[in-house]
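# Build the 3D model from these lines:
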Amino acid sequence: MNAPERTCRLITLGCKVNQYETQLVREALRENGFREAPDGESADLCVVNTCTVTNNGDSKSRQAIRQLARKNPGTKTIVMGCYATRDPQAVSELPNVIEVVTDKRELPDVLGRFGIVDLPAGISEFAGHHRAFVKIQDGCILKCSYCIIPSVRPGLRSRRPSDIEEEVRRLVDNGYREIVISGVHVGHFGIDTNNLMPGDRPERLWDLFRRLDRIPGDWRMRLSSIETVEVNDDFIKAAGDCEHLCPQFHPALQSGSDTVLQRMRRRYRVGRFLERLEQIRDMLGDDPAFTTDVIVGFPGETDAEFEETLETCRLARFMKVHVFPYSRRDGTAAADFSGQISGNVIKDRVRALSDLERDLALDFYHSRIGSGAEQIVLAERTCADRPGWVKGSDQWYIPTEVRGTDADLGTFIPCVAEEANRERVQASRVERPEQIESRITSAPLVASRQAAH
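Residues are numbered from 1 along each chain as shown. The predicted structure follows:
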């Protein structure tokens, strides 16, 4: 007599690394006889991957666990992730929580208590996405004064390059056209060498680019983020040499004021940051796109310092700025700094930087129009308000809408920018014989993936 089928539900909060780790658990559960419960069906086992980067992350994590308990009465809930690591006692007291994973290395033992005998070495798909995130390393050893992450993901742990290569090959073979290279601090990939096997040699991030670039096929890789102090000559040369690497980079600025950067305990100053961006532009020729993160309202930030940030963003010519209002985080040095900024001032500064960001985005979008540069858009979803159109991102990460159907989802669409507003580019399709063939042959894969999820 067959054992009864077991059901599960997985919730992820936070970053790309968390999403990757949830996918790893999802595949482990599936390989051990679990299926994901659809909406309206109670699950036997729930897994919540939490975030603690801000107080709001903590709150959303608690809310997600309580909602699962209400909608899945009698379920057993495993909680993992950064909030579980930071405050396991508070997490353990939430309803239906029976296991709190404070260290991801404990996860195989925890899952083993539910009959899940082992975790796969890597993922083979990325549920609900047409892009796949691949985690290459974990941990951060920096001491930025605003950040809690080094205390919940301490140390450095890089994956073996051969394992990463095998995983990327599998994902490409399974139809994924874009692989996002992710980690807690990707620029420190390979600094730790404890993962080396006999015959291995240490590989850094730029070596990994070259290794992965040798994987054949119609696919591309994108780097999730990088610190400019790790953008050295080897990195820049690899960025120029690797055909599969997208010409879009995400160096985290955090502030455009040297005095604020000093209080943040960042390892660079504005002049060096801008210099590295220009060096990448010189190497890649056709303007690469730069996106970034900026924290607004850091303790002690004056009007003049904020104006310096606005000017730095103009000089950097960012295409996209992720604007984060400063969130005081217990356990960080900045939580005890004097000069905490009022909420109203922070809101005004967020609004000002967001307005500038949209202007900078429009400038970059307009630079594509009439440039002759062909966009290769990964179609990710249909446009709900525009029947017969799909939207996705091109190699520069420009949000683009182009004519298409469900059959295009998960495929590359060559196109040329025609018009732009602050939100997106509208492009016209460039049809090629091989593109038509690719769309036809990949349609069954796309349809089966949609049916599965």
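# After the stretch of helix or strand Ala304 belongs to, which helix or strand is next?
Applying DSSP states H and E as the criterion places Ala304 in helix 303-316. Remark: after helix 303-316, the chain's next helix or strand is strand 320-325, criterion DSSP H and E.
# buried stuff in that next one?
320-321, 323-324 (16 or more other Cβ atoms under 10 Å). Just so you know, the C-beta spots here come from the backbone N, C-alpha and C atoms, and that holds for glycine as well.
# Excluding sequence neighbours, find me the nearest residue to Gly183.
Nearest residue to Gly183 in three dimensions, chain neighbours excluded: Gln137, at 4.1 Å (Cβ to Cβ, 6 or more residues apart in numbering).
# Starting from Arg204, give me the distance back to that neighbour.
11 Å (Cβ to Cβ, to the nearest Å).
# hey, what's in contact with both of these two?
Phe189 (Cβ atoms under 8 Å, 6 or more residues apart in numbering).
# quick revisit: for Arg314, state which of the buried residues of strand 320-325 is nearest.
Val321 (10.9 Å; Cβ to Cβ).
# ok and the helix holding Ala304 relative to strand 320-325, angle-wise?
160 degrees (axes from the mean of the first three to the mean of the last three Cα atoms, to 10 degrees).
# Off-centre distance for helix 303-316?
Taking Cα atoms, centre = their mean, to the nearest Å, one finds the center of helix 303-316 at 26 Å from the center of the full chain.
# Could you pull out the buried residues of that helix?
Buried residues in helix 303-316 (16+ other Cβ under 10 Å): 305-306, 308-310, 312-313, 316.
# residues in contact with that helix?
With Cβ under 8 Å, 6+ apart as the criterion, helix 303-316 contacts 253, 255-260, 270, 273-274, 277, 290, 292, 294, 296, 321, 349, 352-353, 356-357, 360.
# do the same with stretch 229-241
187-188, 204-207, 209-210, 213, 226, 245, 247, 249, 251, 267-268, 272, 276, 279-280, 283-284.
# List only buried entries from those.
Buried, going by 16+ other Cβ under 10 Å: 187-188, 204-207, 209, 226, 245, 247, 249, 251, 268, 276, 279-280, 283, out of the contacts of stretch 229-241.
# Please convert the buried residues of strand 320-325 to CSV, extending it with pLDDT.
Output for the buried residues of strand 320-325, formatted as CSV (pLDDT from 0 to 100):
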residue, pLDDT
Lys320, 97
Val321, 98
Val323, 97
Phe324, 96
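# Among those, which one lies nearest to Glu431?
Lys320 (29.1 Å).
# how much does the host helix or strand of Ala361 deviate in direction from helix 303-316?
Element membership of Ala361 [criterion: DSSP H and E] is helix 343-368. Angle, helix 343-368 to helix 303-316, by the same axes, to 10 degrees: 10 degrees.
# how about the CA coordinates for the helix or strand just after helix 343-368, as CSV?
With elements assigned by DSSP H and E, the helix or strand that comes after helix 343-368 is strand 375-382. Output of strand 375-382 as CSV, limited to C-alpha atoms (Å, rounded to 0.1, in the frame of the first residue of the first chain):
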residue,chain,number,x,y,z
GLN,A,375,17.6,44.9,-27.7
ILE,A,376,17.3,41.2,-26.7
VAL,A,377,14.3,41.0,-24.4
LEU,A,378,13.5,38.1,-22.2
ALA,A,379,9.7,37.9,-22.3
GLU,A,380,8.6,37.3,-18.7
ARG,A,381,4.8,38.0,-18.7
THR,A,382,1.9,39.2,-20.8
